[in-house]
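*Asks:* Could you work out the structure for the sequence below:
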Amino acid sequence: MSDDFPASVDVDYTDGEGEDPADYPSLQHKLEKAIEVTRRGLEQYENPAVMWTGGKDSTLTLYFINQVAEEYGYEKPTAVFIDHFQHFDSITDFVERWADEWEIDLVYARNEDVGAYVDDHGLEPGDDIPVDALSEHNQHHIREILEYEEESFPFLLDTYVGNHLLKTVALNDALEEYDIDGVISGVRWDEQEARADETFFSPRHDPELFPPHDRIQPILQFAEADVWEAFWNYVVPDTVEAFPDEGYVPDSAEDLPDGVTQEDVPISPKYFAGFRSLGSEVSTDKTTEEPAWLQDLEGTTERAGRAQDKEDLMERLRDLGYM
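*Replies:* Prediction:
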């Protein structure tokens, strides 16, 4: 990475400061801002990458990248998929299928040290991992960064140590390995309290915590309902030739237009099955059988099905480099 980072990058780190989704009163306002931020990100960074989870937010972000890259002739950035070893199988299948369809270079970020210990000892989620069995790199993060004092920790994604090692450390190692200077992510202001103060371009420049880089966040201004409105009015019609142009919204996977199957639509099958937020297979539940976009998006919590240990620590995890 360039020694003069971030002086070589010309972005406004205050853009979006003090704002919330209401400052973008229509879907068109939100779309225009997303395109503006995406274009600026692709212009300003030498080696940007997009974080892709297979979820609706990162897939919408990737849609804007595809549109901007095609219109203005930019090279599509690499997509980084954090493999935390506890995914739904259908998520990995979805990401690989659409990476191929959209001609996106896909790489995996993994904490190989933890993964090797899990494989070698046949661990299941929830089993304990001794701290002293891991590499000096991981032990440094556990003891010095997290200040965790126990002799072991559970192999679970949605816990303080588990989330940091399986996602944040894996991400930071990938940023260094691929020399990434701009991370394009699909976080939103309304999704979690710890993200409410984010700006469209957010610096992460402390070399003690992570490889210096910026976060590029094109969809901060979208609420959950806006994301689904964008999918059914733009993402799906622009992707699926046989899909109506005027916002047809299906009631289920069986209610898709003639000639269109669920596999044809760039929406994770988990959303069709009733999940609203995609975490890990062992810590995410659905609360209804209705597809995500038909649920009570205003009166219920989007992340209600997620394990709360991690949700309660989001601010601290964000400071350490979590998305």
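*Asks:* how much space between residue 290 and residue 274?
*Replies:* As defined by CB to CB, to the nearest Å, residue 290 lies at a distance of 6 Å from residue 274. Placement of C-beta: from N, CA and C, glycine included.
*Asks:* Show residues contacting stretch 83-98.
*Replies:* Stretch 83-98 has contacts (CB atoms under 8 Å, 6 or more residues apart in numbering) with 52-54, 59, 79, 81, 104, 106, 108-111, 114-115, 118, 125, 156-157, 166-167, 170, 263, 266, 268-270, 278, 280-283.
*Asks:* One more: stretch 101-112?
*Replies:* In contact with stretch 101-112 (CB under 8 Å, 6+ apart) are residues 52, 62, 66, 76, 78-85, 95-96, 98-99, 138, 165-166, 169-171, 173-174, 178, 266.
*Asks:* Of the contacts of stretch 83-98, which belong to helices?
*Replies:* Under the assignment DSSP state H, the contacts of stretch 83-98 contribute 59, 114, 115, 118, 170, 269, 270 to helices.
*Asks:* Name the residue most distant from the centre of the chain?
*Replies:* residue 258 (31.6 Å; CA atoms, centre = their mean).
*Asks:* and residue 233, which of the three is it?
*Replies:* helix (DSSP: H, G, I helix; E, B strand; the rest coil).
*Asks:* The residue lying closest to it once chain neighbours are set aside: what secondary structure?
*Replies:* Nearest non-adjacent residue to residue 233, counting by CB to CB, 6 or more residues apart in numbering: residue 247, 4.4 Å away. When classified by three-state DSSP, residue 247 comes out as coil.
*Asks:* Relative to residue 31, how far out is residue 247?
*Replies:* 14 Å.
*Asks:* quick one: which of the two has more around it?
*Replies:* residue 31 (22 against 12; other CB atoms under 10 Å).
*Asks:* just checking, the more buried one is part of a helix?
*Replies:* Yes. Under three-state DSSP, residue 31 sits within a helix.
*Asks:* Excluding chain neighbours, what is closest to it?
*Replies:* Nearest non-adjacent residue to residue 31 (CB to CB, 6+ apart): residue 230, at 6.9 Å.
*Asks:* which parts of whichever strand or helix holds the one you found are buried?
*Replies:* Here residue 230, judged by DSSP states H and E, is contained in helix 224-230. By neighbour count on 16 or more other CB atoms under 10 Å, the buried set for helix 224-230 is 224, 226, 227, 228, 229, 230.
*Asks:* repeat for stretch 124-131
*Replies:* 125, 129, 131.
*Asks:* Contact partners for the last one?
*Replies:* Put plainly, it is residue 131. Per CB under 8 Å, 6+ apart, neighbours of residue 131: 139, 142, 143, 148, 150, 151, 152, 153.
*Asks:* If you rank those by neighbours, which is first?
*Replies:* Busiest of the contacts of residue 131 [other CB under 10 Å] is residue 142, holding 23 neighbours.
*Asks:* Please pick the buried ones from the contacts of stretch 83-98.
*Replies:* 52-54, 59, 79, 81, 104, 109-111, 114, 118, 125, 156-157, 166-167, 170, 266, 268-270, 278, 280, 283.
*Asks:* For the protein, just list every one of the helices.
*Replies:* Counting by DSSP H, the helices of the chain are 27-44, 56-72, 89-101, 112-120, 136-140, 160-163, 170-177, 224-230, 236-239, 269-272, 308-311, 314-319.
*Asks:* Which of the ones you listed sits closest to residue 15?
*Replies:* helix 27-44 (7.8 Å; CB to CB).
*Asks:* thinking again about what came up before, which other residues reach the helix holding residue 230?
*Replies:* With CB under 8 Å, 6+ apart, helix 224-230 has contacts from 21, 27, 30-31, 56-57, 60, 63, 188, 190-191, 219, 222, 247, 276, 292-293, 297-298, 302.
*Asks:* mind exporting that helix as PDB, just the C-alpha atoms?
*Replies:* Presented in PDB, the C-alpha positions along helix 224-230 are these (Å, rounded to 0.1, in the frame of the first residue of the first chain):
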ATOM      1  CA  GLU A 224     -34.700  -2.400   4.700                       C
ATOM      2  CA  ALA A 225     -37.900  -1.800   2.700                       C
ATOM      3  CA  ASP A 226     -35.900   0.400   0.200                       C
ATOM      4  CA  VAL A 227     -33.500  -2.500  -0.400                       C
ATOM      5  CA  TRP A 228     -36.400  -4.700  -1.400                       C
ATOM      6  CA  GLU A 229     -38.000  -2.000  -3.500                       C
ATOM      7  CA  ALA A 230     -34.800  -1.600  -5.400                       C
END
